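Undergrad: Need coordinates for the below:
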Amino acid sequence: MAWSRRRRWALWLVGAAAAVVVLAVGGTFLYIHVISGPAPAPLGLKSAGSGTGSAGAGGSATAGESAATPVAGTWNIAKGSVVGYRVKEVLFGQNHVAVGRTSAITGHITISGTTVSAGTFTAAMATIKSDESERDVQFRGRIMDTSAYPTGTLALARPIALAPLPAPGVVKTYTVTAGLTLRGHTRTVTFPLSAERTSGEIELSGSIPVLFADWDIPNPSFTGFVTTQNHGVLEFLLKLARS
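TA: Numbering: from 1, shown residues only. Okay, the predicted model is just below:
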């Protein structure tokens, strides 16, 4: 009789454990795919025209357009600029893309003639927020240690030749080399940068792969239930107005 009771108790424990797993997985699926919804779309430019090339390929402005809308000068960060991260994570077997963003950005570019001669942008790391407060706590603490390293910076390392200038409304892509500083470490990165002239503004967009170990960033996995890849993406959409 005692053996029978122990067997029933063991079966009950197994059943209860299985129920917990089912509820956890089912609840996670419901939250990710129904309640939370899909992750925000990647940041980027949208335009009817396009052009590509780091050495001047793509659509170009006519002489009249170039003269009427000179680009030389200093252009500062304007309202509507956004920078953030995208990291793939797995929660109880469910794939999800974690996205955190901020608009607390400062910076500028300097254009001499038709060459970007300098540029630097700084983001306040503690202001980056996602849709999960627990993730944000981990990000500000163990992962990025924003009290010790409050900012992230992207600084142009080589000039960018813009000529021939694309017509207003045409998106053109350039290859950019810059220094990316995260968690107190600076590494050289090369990435495609999309640019567009609009009425009174210049808009820039890009994404930079970030291998966490290169910047001494701890893997974002936390709580024993959330695992992430060993890399993520820094993405940005910057709007610039002439100073």
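Undergrad: And the helices in the chain?
TA: 2-30, 63-68, 133-138 (DSSP state H).
Undergrad: average pLDDT across the last one?
TA: Along helix 133-138, the predicted confidence averages to a pLDDT of 91.
Undergrad: Next: the longest one.
TA: Helix 2-30 shows a mean pLDDT of 45 in the predicted model.
Undergrad: Please apply the same query to the second one.
TA: Regarding helix 63-68, the rounded mean pLDDT is 42.
Undergrad: Of all the helices and strands in the protein, which has the lowest average confidence?
TA: helix 63-68 (a mean of 42; mean pLDDT, DSSP states H and E).
Undergrad: all strands of the protein, in order?
TA: Taking DSSP state E, the strands of the chain run over residues 49-52, 73-77, 82-91, 94-102, 105-112, 115-124, 151-156, 160-161, 170-182, 185-198, 201-211, 226-228, 231-242.
Undergrad: Just the buried positions in stretch 209-224, please.
TA: Of the residues in stretch 209-224, those buried under the neighbour-count criterion (16 or more other CB atoms under 10 Å) are 210, 212, 215, 217, 220-222. C-betas here are computed from N, CA, C, even on glycine.
Undergrad: JSON lines for those, including distance to Thr228?
TA: Below are those laid out as JSON lines (distance: CB to CB, whole Å):
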{"residue": "Val210", "distance to Thr228": "12"}
{"residue": "Phe212", "distance to Thr228": "9"}
{"residue": "Trp215", "distance to Thr228": "15"}
{"residue": "Ile217", "distance to Thr228": "11"}
{"residue": "Pro220", "distance to Thr228": "5"}
{"residue": "Ser221", "distance to Thr228": "5"}
{"residue": "Phe222", "distance to Thr228": "9"}
